[in-house]
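> can't give you the sequence, but here's the structure:
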């Protein structure tokens, strides 16, 4: 099997820097960085130009010291259309809705030279999109999907540069490839395991993509009146928080009911594809954020799928109530634990292009959910909860677009169909 020694990172965000440093160290890879020309990426390219392509990663917690380090990018491309040469592996560290845009800008010779394409944080169906596009160009590159990015990485000094800080690391991720018994996927999995991250390899990429917790919790948490008002409305006198119970946050009986209903709809879509679904409560506690056994028993977690809906709702509500504080943190002298759920909603903001824009959450979740809805319709699987989430979000887009603003609106304010992406995905979605 061909070994990937030249890796091209597509994307100019913090994740690209951390992955470049780690994969250079763990796989002895030559690293290239490419990104689009934009006001947002310009400081990043300027920083690398000043330092000769130096990339440096620091960590917040000493137990993640394996992720620390630095490397030099042998090539830096400002504009995907400027990429040249032969790159063995392309790592797409961009938002999921930009995969096709990036691939279209790469020359056919670069595409044909690829041995593999890695999707860092894809959504459900992304591997079908990428593999379908590659196939149209007669590329035989395998596509490897990771369930999610490996941690929480941000700019070291708050501004784009070659230096990042990783504040947290995922307990576990899933990796699946279009190539059976993929040596490349195994090498990546082993590299991540050496970094202290648990890895499970799945039989197919779509199984890995279905094991991203954001698919199951972000739509109900963000696509409701309370949350959309916090994002799109006038600044509130009191700050509102994503993971808190009402009235501090959006979590109510109704939201939990919607979360459960959406999970069941996604499970039905997976079943239509012959893919096993996830035990939502076990996935939340074992693979994401644990709670104390006094709050949720192992028996309830393991038997969650077969319980009555009202019992399932009860357990999901307990889970979120148990994580209002970090149950494993050390209390202060007043007995207060770390305020784990105090994640404030981000409001509309003016981006570096001078446009009014929508925060990553829920903007990225809109794309994810539209793709899932399109796949469900293709498979003739009913998804009324997902339909209602999207109708509510698109109504909010129309409402916000009709209000006078001092700056132009970004494209994110337009309701979109993502027809091209869905056409490719649905053409290649039959079977697993």
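Now that the structure is in, tell me what you want to look at. Computed from a predicted structure; not experimentally measured.

> all strands for this structure, in order.
6-10, 30-35, 54-59, 69-72, 75-78, 89-92, 116-119, 142-146, 151-155, 163-169, 172-177, 198-202, 349-350, 356-357 (DSSP state E).

> Would you reformat the ones you listed as JSON lines and include mean pLDDT and mean neighbour count?
(Each C-beta comes from the backbone N, C-alpha and C, glycine too.) Below are the strands of the chain laid out as JSON lines (pLDDT from 0 to 100; neighbours: other Cβ atoms under 10 Å):
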{"stretch": "strand 6-10", "mean pLDDT": "98", "mean neighbour count": "24"}
{"stretch": "strand 30-35", "mean pLDDT": "98", "mean neighbour count": "24"}
{"stretch": "strand 54-59", "mean pLDDT": "97", "mean neighbour count": "21"}
{"stretch": "strand 69-72", "mean pLDDT": "97", "mean neighbour count": "18"}
{"stretch": "strand 75-78", "mean pLDDT": "98", "mean neighbour count": "19"}
{"stretch": "strand 89-92", "mean pLDDT": "98", "mean neighbour count": "27"}
{"stretch": "strand 116-119", "mean pLDDT": "98", "mean neighbour count": "26"}
{"stretch": "strand 142-146", "mean pLDDT": "98", "mean neighbour count": "28"}
{"stretch": "strand 151-155", "mean pLDDT": "96", "mean neighbour count": "18"}
{"stretch": "strand 163-169", "mean pLDDT": "96", "mean neighbour count": "20"}
{"stretch": "strand 172-177", "mean pLDDT": "97", "mean neighbour count": "23"}
{"stretch": "strand 198-202", "mean pLDDT": "97", "mean neighbour count": "17"}
{"stretch": "strand 349-350", "mean pLDDT": "95", "mean neighbour count": "12"}
{"stretch": "strand 356-357", "mean pLDDT": "96", "mean neighbour count": "18"}
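
> To residue 304, which of these lies closest?
Closest to residue 304 of these, according to Cβ to Cβ: strand 172-177, at 18.2 Å.

> Name every strand pairing with the closest one and say which way it goes.
Strand 172-177 has its sheet partners listed here by DSSP bridges as strand 142-146 (antiparallel), strand 198-202 (parallel).

> so how far is the first one from its chain's centroid?
Looking back up the chat, that one is strand 142-146. 14 Å (Cα atoms, centre = their mean, to the nearest Å).

> same thing with the last one?
A distance of 17 Å separates the centroid of the chain from that of strand 198-202, by Cα atoms, centre = their mean.

> contact partners of that strand?
Contact with strand 198-202 is made by 171-176, 185-186, 189-190, 192-193, 208, 211, as judged by Cβ atoms under 8 Å, 6 or more residues apart in numbering.

> 10 Å instead, please
144-147, 150, 170-177, 181-182, 185-186, 188-193, 207-211, 275-276, 287 (Cβ atoms under 10 Å, 6 or more residues apart in numbering).

> Got a PyMOL select line for the buried ones in those residues?
In PyMOL syntax, the buried subset of those is picked out as below (16 or more other Cβ atoms under 10 Å):
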select buried, resi 144+145+146+147+150+170+172+173+174+175+176+177+182+185+188+189+191+192+207+208+209+210+211+275+287
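
> now the helices: where do they sit in the stretch 101-250 of the chain?
108-113, 126-136, 183-194, 205-209, 213-222, 225-232 (DSSP state H, counting those that start in this stretch).
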